[in-house]
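>>> Give me a 3D structure for the following:
(one chain, ligands or ions: 3)
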Amino acid sequence: MAVDLLLGLQWGDEGKGKIVDVLTSNYDIIARFQGGPNAGHTLEFDGIKHVLRTIPSGIFHDKAINVIGNGVVIDPVVLAQELDGLKQFNINYVERLIISRKAHIICPTHRLLDAASEAAKGKAKIGSTLKGIGPTYMDKTGRNGIRVGDIELDNWKEKYRALADKHEDLIGFHNVDIQYDLKELEEEFFTAIERLKELTFIDSEEYLHQAQKQGKSILAEGAQGSLLDIDFGTYPFVTSSNTTAAGACTGLGVAPNRIGEVFGIFKAYTTRVGSGPFPTELFDETGEKMAKVGHEFGAVTGRPRRCGWLDLVALKYACQVNGVTQLMMMKGDVLSGFDALQVCTAYKYKGETIEHLPYNIEAENITPIYSEFACWEEDLTQMTSVDQFPKELNEYIEFLEKELEIPIKIVSVGPDRKQTIHR
Ligand code: GDP
Ligand code: IMO
Ligand code: MG
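Ligands and ions are numbered 1, 2, ... in the order given. Predicted coordinates:
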C-alpha cells in the first residue's frame, strides 16, 4: 500500500495536528518524518486541548501505531514531558509509540548553542524556537551526532562528553552572555534518556517496509511548513530540515514511488512566527483582528504569530514542490464578518508582474497584487455540512481550487475534531 503524506503549505501552524488526528481512524500507522520539539501540534476533542511536540498526532487512537522516524530530532527531556502528559489520560504509549534508532538526539548543549547562535546574530536572528534544532541537524550532517541507537551501546557517554565539550567551546566562540548550569541540565538529560529506554527502538525503515508489504496503511505527518523548508523556504529564515514531500522519503526510508496521496494543509489566511519575509503581512487592525479571533499565539513559545492575507503565489509554489493531490483549508471560521477578503494572486517585482516566488521576497522587493472577495457573515463553527456554507465561502473555495487546480477536500471550521467538514 502507498504511504500518504500530510504537510503544511505555509510557515507552519496550519492545523496539521488536528487533521492527522481526524484522519487517523483511516490508518494503521502514523509516522513523523522530520523536525523535533520546535513543532507544536494541537488536537482538541472532548473539551480538552492537547499539544504534541515530537509524538505523532495519532497517539490518542488506540488502534494506531505511532512512529518517530529517522528524520526527526528528539529531545529526551521534552519527550519525557510529553509522555507525562499522556499518562494523565491513561494513554498506553509504551504499546503505541516506537522510535527509529537512526533519529538524532538533541543534547542540552545543542539548546545552549541555539541560544548562543541566535544571541550572536542580534537583529538578524532567525527567531528560532531555541529547542536546539539547528545545532542538532548540523551535527547530523557534520557526522558528529548522537543517535537513539547509540544509547544502547556501552560507550555512548564518552561520545556524548566529547560532543558536549566541543559545544562548550563553540558557545564560548560566540562570545555572548549565556548563563547555564550544565551539571543540572545533564542530570535532567540522563534521567530523560532512561525514560526514553521505556520505549521500543526499531529500524523504522525496515518496520515501515514490512508494514507496506503486509498491506498496512501509513500516514506520514509533517512538521513546520513548506516555506520553512531548508532548501525551498525563505532561507535563511527557515528550519533545518526538509519539511516538503521529499523529506518524508529521507525521513522514513520510504521510496518516492511508494508515496500515494499528498494532503496539503493551509489556513484561509497566512501566519508566521519568527523572523523573515512575509509579503502579505498586515500591520493594521485587520491583522490584529486575525490574530485575536484566530488566537494566533505559538503553541510552543507562546509568541504572537504575525498575520496577513492568503498568498496564492506562495501557496502554488508549495503545492508544486510537494505534488499536493488534495487540499485542506483551515480556520475559515476566523474570517467570518471581515469587511472584505484579499487574496494575493501576483507580485509586483522589480517593476514587473510575476506569478512565481522569486529568489528574494523581502518587502522592499515585492508588492503583493490582490484580488478582493466578499466575506461571509455567518458563524461557521456550528456547521456540519457543505450545504450550510454561505455563498461567499463557496466562491472563495472555488476560486482557490480553480487557481491551484487541486480540490479542497476538507474545510475546518473550528479547533475541535468534530468541526471538520468533508467536501
Ligand atoms: P500545527 O502545528 O499545524 O499542528 O498547528 P498548531 O496546533 O500549531 O496551530 C493551529 C491552531 O489552530 C491550534 O490552536 C488549533 O487548535 C487551531 N485550529 C485548527 N483548526 C482550526 C479551525 O479550523 N478553526 C479554528 N478557529 N482554530 C483551528
Ligand atoms: P509546527 O510543526 C511555526 C519557525 C521558528 C523560526 C524558524 C526556525 O508547529 O507547524 P527552529 O526552532 O526550527 O530553528 O526555528 O522556524 N518554526 C515554526 N513556526 N510552526 C512550527 O512548527 C515551527 N517550527 C519552527 O519560529 O522562525
Ligand atoms: Mg504548531
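
>>> For the rest of this, base every contact and every neighbour count on C-alpha atoms.
Noted.

>>> Shouldn't residue 376 be within a helix?
No. If the criterion is DSSP: H, G, I helix; E, B strand; the rest coil, then residue 376 is coil and not within a helix.

>>> Which single residue in the stretch 251-400 of the chain comes nearest to ligand 1?
In the stretch 251-400 of the chain, no residue comes nearer to ligand 1 than residue 331, which is 3.5 Å away by C-alpha to the nearest ligand atom.

>>> my guess is that residue meets residue 268, correct?
Yes. Residue 331 sits in contact with residue 268 when judged by C-alpha atoms under 8 Å, with a separation of 6.0 Å.

>>> what sits against the residue of the stretch 251-400 of the chain closest to ligand 1?
Residue 331 sits next to 267-268, 294, 412-414 when contact means C-alpha atoms under 8 Å, 6 or more residues apart in numbering.

>>> Could you do residue 45 as well?
For residue 45, the contact set (C-alpha under 8 Å, 6+ apart) comprises 416-418.

>>> Save those residues as a markdown table, and put in neighbour count too.
Shown next, in a markdown table, are the contacts of residue 45 (neighbours: other C-alpha atoms under 10 Å):
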| residue | neighbour count |
| --- | --- |
| 416 | 20 |
| 417 | 19 |
| 418 | 16 |
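
>>> Could you point out which of those is nearest to ligand 1?
Comparing the contacts of residue 45 against ligand 1 with C-alpha to the nearest ligand atom places residue 416 closest, at 7.0 Å.

>>> Quick check: residue 163 vs residue 236, distance?
25 Å (C-alpha to C-alpha, to the nearest Å).

>>> ditto for residue 100
Note on residue 100: its distance to residue 236, by C-alpha to C-alpha, is 29 Å.

>>> What parts of the stretch 101-250 of the chain come near ligand 2?
126-131, 133-134, 223-225, 228, 238-239 (C-alpha under 6 Å from any ligand atom).

>>> how about the one helix or strand residue 266 maps to as CSV, C-alpha atoms only?
Assigning secondary structure by DSSP states H and E places residue 266 in strand 259-267. The C-alpha trace of strand 259-267 is given here as CSV (Å, rounded to 0.1, in the frame of the first residue of the first chain):
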residue,chain,number,x,y,z
ILE,A,259,4.0,7.8,-2.0
GLY,A,260,0.2,8.0,-2.5
GLU,A,261,-1.9,11.0,-1.6
VAL,A,262,-0.2,14.2,-0.6
PHE,A,263,-2.5,16.2,1.6
GLY,A,264,-1.6,19.9,1.8
ILE,A,265,-2.9,22.0,4.6
PHE,A,266,-3.3,25.8,4.6
LYS,A,267,-5.1,28.4,6.7
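
>>> Mind giving me the packing neighbours of that strand?
Applying 3 or more C-alpha pairs under 8 Å, 6 or more residues apart in numbering; DSSP states H and E, one finds that strand 259-267 contacts strand 3-8, strand 326-330.

>>> So which residues make contact with the helix or strand following the first one?
Spelled out, it's strand 3-8. Next helix or strand after strand 3-8 toward the C-terminus (DSSP H and E): helix 16-23. Residues from elsewhere that reach helix 16-23, judged by C-alpha under 8 Å, 6+ apart: 6-8, 41-44, 52, 57-58, 60, 221-223, 265, 415-417.

>>> Drop anything exposed from these.
6-8, 41-44, 52, 57-58, 60, 221-223, 265, 415-417 (16 or more other C-alpha atoms under 10 Å).

>>> so which of those also contact ligand 1?
When contact is defined as C-alpha under 6 Å from any ligand atom, the buried ones among the contacts of helix 16-23 meet ligand 1 at 41-43, 415.

>>> Now render these as a markdown table, adding distance to residue 152 and secondary structure.
Conversion of those to a markdown table gives the following (distance: C-alpha to C-alpha, whole Å; DSSP: H, G, I helix; E, B strand; the rest coil):
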| residue | distance to residue 152 | secondary structure |
| --- | --- | --- |
| 41 | 29 | strand |
| 42 | 32 | strand |
| 43 | 33 | strand |
| 415 | 40 | coil |
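
>>> Keep only those of the residues you listed that are also close to ligand 3.
The residues of these that also fall near ligand 3, by C-alpha under 5 Å from the ion, are residue 41.

>>> Go through the ones next to ligand 1 among the buried ones among the contacts of helix 16-23 and say which is closest to ligand 2.
Proximity of these to ligand 2 (C-alpha to the nearest ligand atom) peaks at residue 41, which lies at 5.2 Å.

>>> Would you mind measuring from the closest residue to that closest one other than its chain neighbours to ligand 1?
Once flanking residues are discounted, residue 41 sits nearest to residue 17: 4.5 Å by C-alpha to C-alpha, 6 or more residues apart in numbering. Residue 17 sits 4 Å away from ligand 1, going by C-alpha to the nearest ligand atom, to the nearest Å.

>>> can you check residue 122 too?
To ligand 1, residue 122 is 26 Å away according to C-alpha to the nearest ligand atom.

>>> for that residue, what are its contacts?
Listed by C-alpha under 8 Å, 6+ apart, the contact set of residue 122 is empty.

>>> Which of the three states applies to it?
Residue 122 ends up helix, using three-state DSSP.

>>> Quick one, grab the pLDDT at it.
What the model reports for residue 122 is a pLDDT of 93.

>>> for residue 350, same thing?
Taking residue 350 on its own, its pLDDT is 89.

>>> quick one: it and residue 364 touch, right?
No. Judged on C-alpha under 8 Å, residue 350 makes no contact with residue 364 at a distance of 9.6 Å.

>>> How about the stretch 251-400 of the chain: which residue is closest to ligand 3?
Going by C-alpha to the ion, ligand 3 is nearest to residue 299 of the stretch 251-400 of the chain, at 5.6 Å.

>>> all strands for the stretch 301-423 of the chain, in order.
Ranges of strands within the stretch 301-423 of the chain are 306-308, 310-311, 326-330, 340-349, 352-354, 366-374, 408-412, 420-422, based on DSSP state E, counting those that start in this stretch.

>>> Going by contacts, tell me the helices and strands next to the second one.
If I follow you right, that is strand 310-311. strand 340-349.

>>> Buried residues, the strand it packs on. List them.
Within strand 340-349, the residues that qualify as buried are 341-347, 349, counting by 16+ other C-alpha under 10 Å.
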